[in-house]
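**Student:** Give me the fold of what follows.
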Amino acid sequence: MNQHLCLCLILSALLALGARARTYAGVTIAGTVLDREGKPAPGVTVAPLLAAGPERKTDVQGHFTLTINTGQPRGAKGLLHPIIARDLERNLAATLEFEEDADNVTLPQGGDTNITIRLGERALSQPGASDSKRSKLVGAILGPDGKPAPNVIVSLFPFLAYAQTHTDYQGRFALTAEPIPAGYGVSQRVLIARDLERGLAAALDLEEDATNADLRLSPGLTLAGRVTDANGHAISNAQARLLFRTDRRTSALGQLVRADDEGRFEIKALPPGRHYSVTVFARGFGQDLHDVDTPEAGGRRLELEPFQLLAADQRIAGVVLDADEKPVAAARVAVLGEKQPLLNSRTDSEGRFSVDKVCPGPIRISAFGSADGASGYANAEGGDTNITVRLSSSRGIAMPGAAPAAASLHGKPLPELALLGLAPADAPQGQPLLILLLDAEQRPCRRALRLLTEQAASLKKQGLGVVILQAGAMTDEAFAAWKQETAPPFPVGRFKDPPEKACSAWGATGLPWLILADKSHRVAAEGFALDDLEGQLARLGKDR
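**Tutor:** Next up, the predicted model:
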C-alpha cells in the first residue's frame, strides 16, 4: 500500500533499536530522548511510525509519554509499532522498533516503561556513507513582496533523513542533503517551503549538484476533506497524513491533521501544480487514500472526494506452519489490505495468531520466521479464523493455495511479455535478458530487487537487459504506488492472473524467481540464486 510502502523507505534510512514487548489495544509508553552526547533532548517530536496516534514533544528534561493504538487484543503478545523521534532543528532522528530477543529495552506487562532513545547513534544515511557524501543546501525564502520570509518551514524531498528546518529572521535556511541509500534508484530532489500562518508555499526541482537555492512564496493550495463511516456518519477522531509525490517517489510531508467534530479537515499552504496523496485513518476504523493532482494556480481550496472508513470490528485468526507442517512459534504476522489498518502480531508457542480490529473485506497475511528468515503469505477475509500461512526458506516464498505444477521453461522461448504491459523496447531482441519474478509485498522479493538495483549500472555495461515482473496479488492502486515509491531502474510488468497460475505458467516454484534468457530470448537458466548470476552469464558464452 501507498502509506505502508513509503514509510518502509523511511525506516530503511533510520536507526532501529530492539526490544521485546507485550501489546494492548491501547498502550502508554514513556521514556527519555537523549542527544548524541547523552544529554536530554527537549522539543523532540516522538510519534508512532505506522500506527494511528498523536505526536508528542519531549519536555525540558527530554521526557515523553505516548499512547499507541496497537490494534492488538488486550493482554495478547505481539509487536508494537515502531516509535520515531525527530529533532528537526538539528536534522537528527532515530527509531525504536520493538523486536524479540533484545535486552536493551523492556516493556513490562503493565505498560509503564522507561525507554531511552538516543538520537544519531548511527548516520542517518546509508551505512558507510561519509560526511563528504553529504551536501549542504543553503538559500533564502522570500515572500510575495520580495521581502525575507522568517519562520517558514523548509523541507527537502525525498524525506529519507527528515531534512527540514525553519528560516531565520532574514529568511535564510541551511539543510544537510543526505545521499540516497543504495537500492532506491535515482530520485529527483525537491525543495519545499510552506508558510502555514499566511497560507503561502513554493517548490523547486533541484539540480543534482545544487548547493544554493532561493524560493519566492506565492498563495498556496488548501486540500479539504470529510471523513465518514460506511453509513455516512462523521468520524471526529480521524487523522489525515499528507504524502508528496513525484513520478518516482512518495514521502510524508508535514504533521498529521485531525478532523473536527463534523469529520472535516484542511491541509493548508501546499505548493500548486504538484502531486499529493492523502491517507486518512481513525481508531476503530481502517483507512482510505485519495490521490490528488493539483492545478498550477494557487490560492484555491480543493474539496476532495469524501473519505469513507470501514469499521474495524472483525477478528482474524490462524496458524503459521513451516515447510514440514510444524507450528512456528514467535513468527511475526503482518496484516495488510486496501482500506485495512496496518496491524501486526506474533504467533504463540503453538504457532497460532489472532488479530482484532480488522475491517471486512480482503486481507493479505504475511508471516516471517523469527530465526531462519523463512517467509510466507496467505489471502483471507475479515472474520476468517481458520487461516493457514506456510513458510518457505528455499528461494523465497512458496505460493499459497493448490497451485498447478510448474513446468520448466529451460530451453524454451520466453512467454509473451507484451501481455504483461511491456513494450518491445523494454526487452529488445539480440540482447540477453534477465527476468525477476517477485511479490512486491514480500521481504525476500524486495531484498532481491534492491540487490539487483545496486548492480544496474554494471549489468547495463555488460549488455544485459533486466525486466521486473510483479507476480503477487496487488490492487491497481497499490501497484502504481509501489512503482512510484520503489522507482526500479528497470521496466516493470505485471501479471493479471492469480499468483499461483502466473508462477506456474512461468515455471516458478517460489518467489523471488530469476530467469536468464539468451539473445534470442530462449531460457538458458531459471530458479538460480542472485549471487550465481555472474556464473550464469559466463555460461552464456558467445550469446552474452
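
**Student:** Low-confidence bits of the stretch 351-500 of the chain, can you list those?
**Tutor:** For the stretch 351-500 of the chain, the stretches with pLDDT under 70 are 370-373, 393-407.

**Student:** Tell me which stretches of it form strands.
**Tutor:** 352-358, 362-368, 375-381, 387-390, 433-438, 465-470, 492-494 (DSSP state E, counting those that start in this stretch).

**Student:** Pick the most buried one from these.
**Tutor:** Neighbour counts (mean count of other CB atoms under 10 Å) averaged over each of these peak at strand 433-438, with a mean of 24. Every C-beta, even on glycine, is put in place using the N, C-alpha and C of the backbone.

**Student:** tell me how far it is from the chain's mean position?
**Tutor:** 22 Å (CA atoms, centre = their mean, to the nearest Å).

**Student:** relative to strand 465-470, how tilted is that strand?
**Tutor:** Here strand 433-438 runs at an angle of 20 degrees relative to strand 465-470 (axes from the mean of the first three to the mean of the last three CA atoms, to 10 degrees).

**Student:** Output the contacting helices and strands for strand 433-438.
**Tutor:** helix 443-454, strand 465-470, strand 513-517 (3 or more CB pairs under 8 Å, 6 or more residues apart in numbering; DSSP states H and E).

**Student:** could I get these as a markdown table with distance to Y377?
**Tutor:** Listed next are the helices and strands packed on strand 433-438 as a markdown table, based on distance: least, CB to CB, whole Å:
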| stretch | distance to Y377 |
| --- | --- |
| helix 443-454 | 10 |
| strand 465-470 | 14 |
| strand 513-517 | 15 |
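
**Student:** Which among those is found nearest to A367?
**Tutor:** Across the helices and strands packed on strand 433-438, A367 has its closest neighbour in helix 443-454 (10.6 Å, CB to CB).

**Student:** elements contacting that closest one?
**Tutor:** With contacts defined as 3+ CB pairs under 8 Å, 6+ apart, helix 443-454 has these neighbours: strand 433-438.

**Student:** strands paired with the strand it packs on, and their directions?
**Tutor:** Here strand 433-438 is paired, per DSSP bridges, with strand 465-470 (parallel), strand 513-517 (antiparallel).

**Student:** Could you dump these into JSON lines and include distance to P428?
**Tutor:** Below are the strands paired with strand 433-438 laid out as JSON lines (distance: least, CB to CB, whole Å):
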{"stretch": "strand 465-470", "distance to P428": "7"}
{"stretch": "strand 513-517", "distance to P428": "12"}
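
**Student:** Those: which one's closest to L204?
**Tutor:** strand 465-470 (31.5 Å).

**Student:** Let me have the closest one in PDB, keeping just the CA atoms, if that works.
**Tutor:** Below are the C-alpha coordinates for strand 465-470, written out as PDB (Å, rounded to 0.1, in the frame of the first residue of the first chain):
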ATOM      1  CA  GLY A 465      18.600  -6.300 -20.200                       C
ATOM      2  CA  VAL A 466      16.600  -6.600 -17.000                       C
ATOM      3  CA  VAL A 467      12.800  -6.800 -16.600                       C
ATOM      4  CA  ILE A 468      10.800  -7.000 -13.300                       C
ATOM      5  CA  LEU A 469       7.500  -8.900 -13.300                       C
ATOM      6  CA  GLN A 470       5.100  -8.400 -10.300                       C
END
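
**Student:** Give me the contacts around it.
**Tutor:** 417, 420, 422, 426-428, 431-440, 449, 452, 456, 459, 479, 482, 488, 490-495, 506 (CB atoms under 8 Å, 6 or more residues apart in numbering).

**Student:** Now the terminal residues of stretch 252-271, how far apart.
**Tutor:** The straight-line separation of the ends of stretch 252-271 (CA to CA, to the nearest Å) is 15 Å.

**Student:** Ok, stretch 148-158 next?
**Tutor:** With CA to CA, one end of stretch 148-158 sits 25 Å from the other.

**Student:** domains of the chain?
**Tutor:** Split into domains by automatic domain parsing, the chain comes to 2-118, 131-219, 221-308, 314-390, 418-543.

**Student:** Any of the contacts of strand 465-470 buried? List them.
**Tutor:** With burial judged by 16 or more other CB atoms under 10 Å, the buried subset of these is 417, 420, 422, 426-427, 432-440, 449, 452, 456, 459, 482, 488, 490-495, 506.

**Student:** In a markdown table: the strands of the stretch 351-500 of the chain, plus distance to G535.
**Tutor:** Converted to a markdown table, those look like this (distance: least, CB to CB, whole Å):
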| stretch | distance to G535 |
| --- | --- |
| strand 352-358 | 40 |
| strand 362-368 | 29 |
| strand 375-381 | 26 |
| strand 387-390 | 31 |
| strand 433-438 | 13 |
| strand 465-470 | 17 |
| strand 492-494 | 26 |
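
**Student:** which one of those lies closest to A174?
**Tutor:** Ranking those by their distance to A174 (criterion: CB to CB) puts strand 492-494 first, at 37.6 Å.

**Student:** on contacts alone, who are the packing partners of that closest one?
**Tutor:** So strand 492-494, by 3+ CB pairs under 8 Å, 6+ apart, packs with strand 465-470.

**Student:** Work out the gap between the strand it packs on and the centre of the chain.
**Tutor:** Mean-position distance between strand 465-470 and its chain equals 21 Å (CA atoms, centre = their mean).

**Student:** what angle sits between that strand and helix 443-454?
**Tutor:** 160 degrees.

**Student:** Could you shift the numbering so residue one becomes 39, and keep it that way?
**Tutor:** Understood, numbering begins at 39; the last thing we discussed is strand 503-508.

**Student:** Might you list the low-confidence residue ranges for the stretch 39-188 of the chain?
**Tutor:** 39-66, 74, 86-93, 105-120, 126-152, 158-173.

**Student:** same thing but 80
**Tutor:** 39-68, 73-76, 85-94, 104-173 (pLDDT under 80).

**Student:** and L554, what are its bridge partners?
**Tutor:** L554 has the following beta-bridge partners by DSSP bridges: L472, A563.

**Student:** Model confidence score at it, please.
**Tutor:** Note for L554: predicted pLDDT of 93.

**Student:** burial count for it?
**Tutor:** 20 (other CB atoms under 10 Å).

**Student:** separation between it and A567?
**Tutor:** As for L554, its distance to A567 is 12 Å (criterion: CB to CB, to the nearest Å).

**Student:** Identify whichever of the helices and strands packed on strand 471-476 lies nearest to G69.
**Tutor:** The nearest among the helices and strands packed on strand 471-476, by CB to CB, is helix 481-492 at 28.4 Å.

**Student:** Now do the closest one: distance to the chain's middle.
**Tutor:** 14 Å.

**Student:** Compute the inter-axis angle for it and strand 413-419.
**Tutor:** Interaxial angle of helix 481-492 relative to strand 413-419 (the same axes, to 10 degrees): 120 degrees.

**Student:** Helix 481-492 to strand 400-406, inter-axis angle?
**Tutor:** Using the same axes, to 10 degrees: helix 481-492 against strand 400-406 is 80 degrees.

**Student:** Same question for helix 481-492: list its buried residues.
**Tutor:** Applying 16+ other CB under 10 Å to helix 481-492 flags 481-488, 490-491 as buried.
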